[in-house]
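>>> need a structure here:
(chains A, B, C and D)
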4 protein chains.
Amino acid sequence: MDTNNASVDSWEEVILIYSSAMKEMVTRLEILSNEFQHTHSYNPIEHLKSRLKTPESIVKKLRRHGYESSIENMVTYVKDIAGVRVICSFTSDVYKIAEAITAQSDIEILSVKDYIKNPKPSGYQSYHIIALVPVYLSDQKIDTKVEIQIRTIAMDFWASLEHKINYKFDGNVPEEIRNQLVDCAGRIRDLDDRMLSLNEEVQKANAPGAETKQQ
Amino acid sequence: MDTNNASVDSWEEVILIYSSAMKEMVTRLEILSNEFQHTHSYNPIEHLKSRLKTPESIVKKLRRHGYESSIENMVTYVKDIAGVRVICSFTSDVYKIAEAITAQSDIEILSVKDYIKNPKPSGYQSYHIIALVPVYLSDQKIDTKVEIQIRTIAMDFWASLEHKINYKFDGNVPEEIRNQLVDCAGRIRDLDDRMLSLNEEVQKANAPGAETKQQ
Amino acid sequence: MDTNNASVDSWEEVILIYSSAMKEMVTRLEILSNEFQHTHSYNPIEHLKSRLKTPESIVKKLRRHGYESSIENMVTYVKDIAGVRVICSFTSDVYKIAEAITAQSDIEILSVKDYIKNPKPSGYQSYHIIALVPVYLSDQKIDTKVEIQIRTIAMDFWASLEHKINYKFDGNVPEEIRNQLVDCAGRIRDLDDRMLSLNEEVQKANAPGAETKQQ
Amino acid sequence: MDTNNASVDSWEEVILIYSSAMKEMVTRLEILSNEFQHTHSYNPIEHLKSRLKTPESIVKKLRRHGYESSIENMVTYVKDIAGVRVICSFTSDVYKIAEAITAQSDIEILSVKDYIKNPKPSGYQSYHIIALVPVYLSDQKIDTKVEIQIRTIAMDFWASLEHKINYKFDGNVPEEIRNQLVDCAGRIRDLDDRMLSLNEEVQKANAPGAETKQQ
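Below you'll find the predicted structure:
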């Protein structure tokens, strides 16, 4: 059973289910984070954030796409009611985390959008997964949509600023500011590339210090 | 794959897996707790505690049962490395929670001990479940044993005192003190019965106040 | 400056300040809890709960006492907007915690009610402190009222049931049920006394096990 | 009384005090964070991290500076046993937070180092405060040193990579890699400048969208 045909009939109940799916997804990511930390002495997950979409913003999204505000429409058409964001150090980490989530046998991947390989015209970069996560209630299991956004620290910084700008201009961002955002996105991509290649160079390097430590 | 035949080869790795299983179990119980709170306006879970057995106490337990200290023996014979305790208000809640856990299709119940129906001679009352909980690591799923202890607030209070007393006397509790513990256990059982029946009486009562509220 | 004359002018701002005072008080209690755990190997604090009064219940309280709903009245007359509850194992612990809070030089104790020495006619037992706790905002310090309720596990159990019953009957609890509550309160007081004296007896006891452990 | 002359006599007790000071500092920063979020609809604090220095690294630091490993030396000479890191979006936020901490009347600022105005030769940028934070134990108040590092997201990203590189090469980082780090630090400073000026431009901009929202 998934939220599309479950017998949920009130707003509070639906939100409770999405909130539970978000909790479950965060726990799975924390488990992965601890695993990487302990067994590989390196943690690709810098930190996690999670948020539930507010009622206002759900209604706004439905209206923008021409749908009435009903629980049914919300469950069908709003795919990011529960959102989890994974902030990684390096671009390569983004794909490691995506792979580990995809491999979990009881999670179904509904869609993937790779805005790192193909950034949006605005400059936005991020890796998006819509996944169905099992939520165990007292008398039923409900597979529930969670949007997982995975990106680097620098991409996340850019995205916060863009979000704030879009909010302020209600979508109609002046061209001059749009251009500066695109320019910053380019610099961020360049910085991520340099930090990643520096990191890889260091990992391959012959480090006398490290050897000494293991003696 | 479960921890008995997984390719785990170090103490830290094993502990990490049990700690992850504990986290997963706590999340599922928090989801149940929120569900009861929101949809039934009543929460059978008063609070949750969790703990990992320390290395010393794992080794001690193995020795007491005549086993060598090896990862294999620990995974096979120590069933409470990961422990979650659920504290409920009423005895009836204990069974509600046990039922909800048992119903989760990806959790396997290995054993159940009902020390509420059949208290230990010491007076100890609690409901124990050993369950196999799925832990999703980056490249494998490992079903891991978690001990879930479910009991009322009053039973938990008694059990903390008994634990402290056993620890102090290293198992050889003087008879006089043992007798007082048994006496307190009886009073606790009596108190739980009275509080439960008072609660049930109240739930059935015709409450003009409550009706007024719903008008 | 305290909340009575601070330049707070909106409901959200006032609630933010109370919520901050609650956080600060919880942190101080957690510090005490860790101290007892580590330096005395014994923790008088079993667990902590905190809650902010809801707008509805603030308005209801003001109305019951004949005051208009204004921020000024709420800050002056509602003393339990921020509430922290400390659950202890034994009655003696309640007084230890009360003393440690009272000793903190930047916290001012506004009032104390000892419903353990003098239970309410209903049977209610608890130790209440109204304290002024300093909250450091970005440009001012605001001393803010927090109600701290300290009680044993058993008293807390009784109080939850009484609260539920009062809520259901909107204050008009049938005499038969009131009598049962008083009876349960007596049993709880008796149980707390027995558990405490058993604990004290154990602490004084000559414990060969404990000695062995220290060798 | 501060940790320098307090009657603390064991390692565990000292660590407990530093851990409490860290908790207290984190709570105060969370309160500031909520205040900015609610009253200015803008949060200069992106996230918080805290850590206690490990025994090994305390001993190593003492040895590097030629001191014996004693509790007295550790309390006197190791100023970053308790560390809190505040990650901000923009450089201007760093100074806002520093100011708000400095204004708290019961916190004494022992020293300030502004590596943003004056970056280290390595390229390291961050704002460091050593502060004395009051810790209320059950029978005494102990003013305890906490190091607060405040920096932007981009500076923090750079610093994590530099820390990893220093650790790997045990301080002897090859010149080629050192040069690349300096180059990345320049790019980060440039990026922070551009993002900040874009943000300021946006704040000043005439935003028809924002006006519409307020109607």
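
>>> how about the contacts made by A:Lys79?
Counting by Cβ atoms under 8 Å, 6 or more residues apart in numbering or on different chains, A:Lys79 touches A:Leu110, A:Ile130, A:Lys145, A:Glu147. To be clear about C-beta, it is placed using only N, CA and C from the backbone, and glycine gets the same treatment.

>>> quick one: secondary structure of it?
coil (DSSP: H, G, I helix; E, B strand; the rest coil).

>>> that older thread, most neighbours among the contacts of A:Lys79, which one?
Neighbour count (other Cβ atoms under 10 Å in any protein chain shown) singles out A:Lys145 as the most crowded of the contacts of A:Lys79, with 23 neighbours.

>>> did I read that right, that residue in a strand?
Yes - secondary structure of A:Lys145 (three-state DSSP): part of a strand.

>>> mind checking how far the residue nearest to the spatial centre of chain A is from A:Val78?
Centroid check for chain A by Cα atoms, centre = their mean gives A:Gln149 as the closest residue, at 1.3 Å. Distance, A:Gln149 to A:Val78, by Cβ to Cβ, to the nearest Å: 15 Å.

>>> kindly report the same for A:Val86.
Counting by Cβ to Cβ, the gap from A:Val86 to A:Val78 is 21 Å.

>>> so for those two, which residue has more residues nearby?
The neighbour count for A:Val86 versus A:Val78, taken as other Cβ under 10 Å, is higher for A:Val86 (28 against 19).

>>> mind checking which helix or strand that one is in?
Assessed by DSSP states H and E, A:Val86 sits inside strand A:82-88.

>>> partner strands of that strand, with direction?
Using DSSP bridges, the strands paired with strand A:82-88 in its sheet are strand A:45-52 (antiparallel), strand A:141-152 (parallel).

>>> which neighbouring elements make contact with the helix or strand following it?
Once the chain leaves strand A:82-88, the next helix or strand it forms, by DSSP H and E, is helix A:91-102. Counting contacts by 3 or more Cβ pairs under 8 Å, 6 or more residues apart in numbering or on different chains; DSSP states H and E, helix A:91-102 is packed against helix A:11-40, strand A:82-88, strand A:108-114, strand A:127-136, strand A:141-152, helix A:175-204.

>>> and the second one with helix A:91-102, angle?
Put simply, strand A:82-88 runs at 140 degrees to helix A:91-102, going by axes from the mean of the first three to the mean of the last three Cα atoms, to 10 degrees.

>>> point out the residues in chain A that sit beside chain B.
Listed as neighbours of chain B in chain A under the rule Cβ under 8 Å from any Cβ of the partner chain: A:12-13, A:16, A:19-20, A:23-24, A:27-28, A:30-32, A:34-36, A:38-39, A:96, A:99-100, A:103-106, A:134-139, A:141.

>>> which among those end up buried?
Buried by 16 or more other Cβ atoms under 10 Å in any protein chain shown: A:13, A:16, A:19-20, A:23-24, A:27-28, A:30-32, A:34-36, A:38, A:96, A:100, A:104, A:134-138, A:141, out of the residues of chain A next to chain B.

>>> if I pick the nearest residue to A:Leu110 once chain neighbours are set aside, what's in contact with it?
Nearest residue to A:Leu110 in three dimensions, chain neighbours excluded: A:Ile130, at 4.4 Å (Cβ to Cβ, 6 or more residues apart in numbering or on different chains). Applying Cβ under 8 Å, 6+ apart to A:Ile130 gives the contacts A:Lys79, A:Asp80, A:Ile109, A:Leu110, A:Ser111, A:Val112, A:Lys145, A:Val146, A:Glu147, A:Ile148.

>>> give me that answer again for 7 Å
The neighbours of A:Ile130, taking Cβ atoms under 7 Å, 6 or more residues apart in numbering or on different chains as the test, are A:Lys79, A:Leu110, A:Ser111, A:Lys145, A:Glu147.

>>> where does the prediction get shaky in chain A?
Residues of chain A that meet the criterion pLDDT under 70 lie in A:1-9, A:207-215.

>>> how does it look with 50?
Applying pLDDT under 50 to chain A flags the ranges A:5-6, A:209-215.

>>> quick check: A:His47 touching D:Leu48?
No - between A:His47 and D:Leu48 there is no contact under Cβ atoms under 7 Å: 10.1 Å.

>>> which neighbours do those two share?
With Cβ under 7 Å, 6+ apart as the test, A:His47 and D:Leu48 reach no residue in common.

>>> by contact count, what packs against the one helix or strand A:Ile165 maps to?
In the assignment (DSSP H and E), A:Ile165 maps to helix A:153-168. Here helix A:153-168 touches helix A:175-204, helix D:153-169, helix D:175-204, going by 3 or more Cβ pairs under 7 Å, 6 or more residues apart in numbering or on different chains; DSSP states H and E.

>>> which residues sit against the second one?
For helix D:153-169, the surrounding residues in contact (Cβ under 7 Å, 6+ apart) are A:89, A:153-154, A:157, A:195, A:198-199, A:202, A:207, A:209-210, D:46, D:87, D:89, D:122, D:124-126, D:151, D:173, D:177, D:181, D:184-185, D:188, D:191-192.

>>> what angle separates it from strand D:127-136?
Going by the same axes, to 10 degrees, helix D:153-169 makes 90 degrees with strand D:127-136.

>>> ditto for the last one
Helix D:175-204 and strand D:127-136 meet at an angle of 80 degrees, taking the same axes, to 10 degrees as the criterion.

>>> list the buried residues of helix D:175-204.
For helix D:175-204, a neighbour-count test (16+ other Cβ under 10 Å) marks D:177-178, D:180-181, D:184-185, D:187-189, D:191-192, D:195-196, D:198-199, D:202 as buried.

>>> those: which ones sit near chain A?
When contact is defined as Cβ under 7 Å from any Cβ of the partner chain, the buried residues of helix D:175-204 meet chain A at D:Ile177, D:Gln180, D:Cys184, D:Arg187, D:Ile188, D:Leu191, D:Met195, D:Leu198, D:Asn199, D:Val202.

>>> list the contacts for the first one?
Contact criterion Cβ under 7 Å, 6+ apart gives A:Glu201, A:Val202, D:Ile165 as the residues in contact with D:Ile177.

>>> out of those residues, who's nearest chain B?
Using Cβ to the nearest Cβ, A:Val202 comes nearest to chain B of those, at 22.6 Å.

>>> separation between that closest one and D:Arg178?
From A:Val202 to D:Arg178 the distance is 11 Å (Cβ to Cβ).

>>> A:Thr39 against B:Glu13, yeah?
Yes - counting by Cβ under 7 Å, A:Thr39 does reach B:Glu13; the two are 6.0 Å apart.

>>> what residues does chain A put near chain D?
Checking chain A against chain D by Cβ under 7 Å from any Cβ, the hits are A:47, A:89, A:153-154, A:157, A:160-161, A:165, A:168-172, A:177, A:180, A:184, A:187-188, A:191, A:194-195, A:198-199, A:201-202, A:207, A:209-210, A:212.

>>> figure out how far stretch A:44-56 is from the centre of its chain.
Put simply, stretch A:44-56 sits 8 Å off its chain's centre (Cα atoms, centre = their mean, to the nearest Å).

>>> dump that stretch to PDB, keeping only the CA atoms.
In PDB, the C-alpha atoms belonging to stretch A:44-56 read as follows (Å, rounded to 0.1, in the frame of the first residue of the first chain):
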ATOM      1  CA  PRO A  44      31.200  11.700   2.600                       C
ATOM      2  CA  ILE A  45      28.300  13.200   4.500                       C
ATOM      3  CA  GLU A  46      29.100  16.600   5.900                       C
ATOM      4  CA  HIS A  47      25.700  17.100   7.400                       C
ATOM      5  CA  LEU A  48      22.000  16.400   6.900                       C
ATOM      6  CA  LYS A  49      19.000  18.700   6.900                       C
ATOM      7  CA  SER A  50      15.300  17.700   6.600                       C
ATOM      8  CA  ARG A  51      12.100  19.700   6.200                       C
ATOM      9  CA  LEU A  52       8.400  19.200   5.700                       C
ATOM     10  CA  LYS A  53       6.700  21.400   3.100                       C
ATOM     11  CA  THR A  54       4.300  23.900   4.800                       C
ATOM     12  CA  PRO A  55       0.600  23.700   4.000                       C
ATOM     13  CA  GLU A  56       0.800  27.100   2.300                       C
END
